[in-house]
Structure formats: C-alpha cells, structure tokens
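>>> Please find the sequence and the predicted model below.
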Amino acid sequence: MTDPNLPLFYKSPRPLQAARDADLSLRTEPNYAFAAGTNSVPLMAVEFVAACKQYPILFSDGPVVQPVALLGLRTGENLFVDADGAWEEGAYVPAYVRRYPFIFLENEDGSQLTLCVDESADAVVPGRDNPFFVDGQPSALTSNALEFVKEVQAQNGYTTEFVAAVTGAGLLSEKRADITLNSGERLSLAGFKVIDEAAFNQLPAEELVAWRDRGWLGLVYAHLISVSSWSGLVDRLASRD
C-alpha cells in the first residue's frame, strides 16, 4: 500500500549511498509505465508554455493549491502513456515525471536536503550498466540527477510565489467539466480551479505591470490557452476506446 504522505509515484524513497548502492544502476531506456495510472501530475510555472500545447493546466482544489497538468479524463488513466510504457511521441513530458525515481527529502527542520531514489522503482536494477556510483564517487548519472532535482526545487519556489499571487488576488474559481464521448459515455471532472479571465482583466494597471515584471502574465495566458487542450484529450480517449 502506498503511503499517502509520500509524493505521487514514490513508495520507498531513501538516500543514495555509495557503500550500499555500489552495484545498482538505472535502466538506460526510459519507461513511463509508473505514470500510466494517474490522470494528473504537478506542473511548475516554468513549464506552462510547453505544457499548454497538449494539457489543460488546472489548479488543484485543496489546502495546498498547486498547478497540475491534466493527462486524462478518467481517474487512473494517463492518455499519453501506451501499453509499453512509452510517452506519446512529440508530447511534452512534465519535469515531475522526468525526475522520477529521484527526489530530495528534507530533514525534520527543513535545513538539509538529501538526494534520494525510490528503491522500489522498476528503473532501479542490479548491475553496472548505468551505475549510481563509480569508484565510490557519484557517477555522471547521479551528478546530473542532483542538478536536475536542484533545478526543480528552485523552480518550485517561483511556482509557489505565482500561485500565492493568483490566490491572493482572488482569481481562482471552481470549475466542473462534463464530457459526453461519441460512445455516449458521460464523464465528469470536478475538484479543480481555473483562473477567471474576467477577474484577471479587472486587475489594476499597476498590478499588471508588477505581474509582467515577475514574468507572471505569460503564465496566465498559457493557462488560459491550455483550455483548448480539452478537445485533444477527448480525441485521444475516443481513439483508445
């Protein structure tokens, strides 16, 4: 059973250790089967422009609001991963997915971050083909993973600032999507929020200038543009069914 306190996908994350992981490797061929059973993943603000071309960008409804990329219309179904675990060619793969099985874990007071790997991931295998460590030192794989996770961590801060500005300005409104497929099946998605375009357009001019200077205007427009991606999800689902 997955621990509800752990981030999405992660089951057994633990620190990477040279002595313990000297004979462990990461599979060289990417496989996204681990993401096939989720219909949304967290999205960073810096990804909005790339992601809006394929995914509706929504805001989760809950104590902690965060942007997510909608990957499917049914719970537990990712329309961008096929039966072989391949992500749809040409479609943007969110950083949250690309980061797996690596992650930073904080100590109790949040003062220290440690690079960890989910040892239960199918991508973590015995062998030396793509090792985590070479001669007791982090390999290029591990060093690159560390830099990537650092970048994700840094971008998360910018995303949090943007979300705080959007919520503070009262721009988010709850939405519900009711979809009828060609087969007659009816789907309903709820529990998400979007930016109210009319409310956004009423922001004072000086606030819009401040948002422009922070790079937030482009994020709002990318979010609004992403609404057109709903039809793409419907087409993908129809082609599968």
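Nice, I can see it.

>>> When you work out contacts or count neighbours from here on, use the C-alpha atoms and nothing else.
OK.

>>> Count residues in the vicinity of the nearest residue to Phe162 once chain neighbours are set aside, would you?
Spatial nearest neighbour of Phe162, chain neighbours left out: Trp216 (6.7 Å); criterion: Cα to Cα, 6 or more residues apart in numbering. Neighbour count of Trp216, defined by other Cα atoms under 10 Å: 23.

>>> For Pro4, give me the pLDDT.
Note on Pro4: pLDDT of 66.

>>> can you pull the contacts of the spatially most central residue of the chain?
By Cα atoms, centre = their mean, the chain has its centre lying nearest to Pro42, at 3.2 Å. Contacts for Pro42 (Cα atoms under 8 Å, 6 or more residues apart in numbering) come out as 66-69, 96.

>>> mind listing the strands for this protein?
For the chain, the strands defined by DSSP state E cover 13-15, 24-26, 40-42, 57-60, 67-70, 102-106, 113-118, 124-126, 133-134, 137-138, 172-180, 186-195.

>>> Distance to Val163 and mean pLDDT for those strands - can I get that in a markdown table?
Formatted as a markdown table, the strands of the chain follow (distance: least, Cα to Cα, whole Å; pLDDT from 0 to 100):
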| stretch | distance to Val163 | mean pLDDT |
| --- | --- | --- |
| strand 13-15 | 28 | 94 |
| strand 24-26 | 34 | 95 |
| strand 40-42 | 13 | 96 |
| strand 57-60 | 9 | 96 |
| strand 67-70 | 8 | 97 |
| strand 102-106 | 22 | 87 |
| strand 113-118 | 23 | 91 |
| strand 124-126 | 34 | 95 |
| strand 133-134 | 38 | 96 |
| strand 137-138 | 35 | 94 |
| strand 172-180 | 10 | 87 |
| strand 186-195 | 11 | 88 |
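
>>> Now distance to Leu203 too, for these, in a markdown table please.
Formatted as a markdown table, the strands of the chain follow (distance: least, Cα to Cα, whole Å):
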| stretch | distance to Leu203 |
| --- | --- |
| strand 13-15 | 43 |
| strand 24-26 | 48 |
| strand 40-42 | 27 |
| strand 57-60 | 20 |
| strand 67-70 | 21 |
| strand 102-106 | 37 |
| strand 113-118 | 38 |
| strand 124-126 | 49 |
| strand 133-134 | 52 |
| strand 137-138 | 49 |
| strand 172-180 | 13 |
| strand 186-195 | 12 |
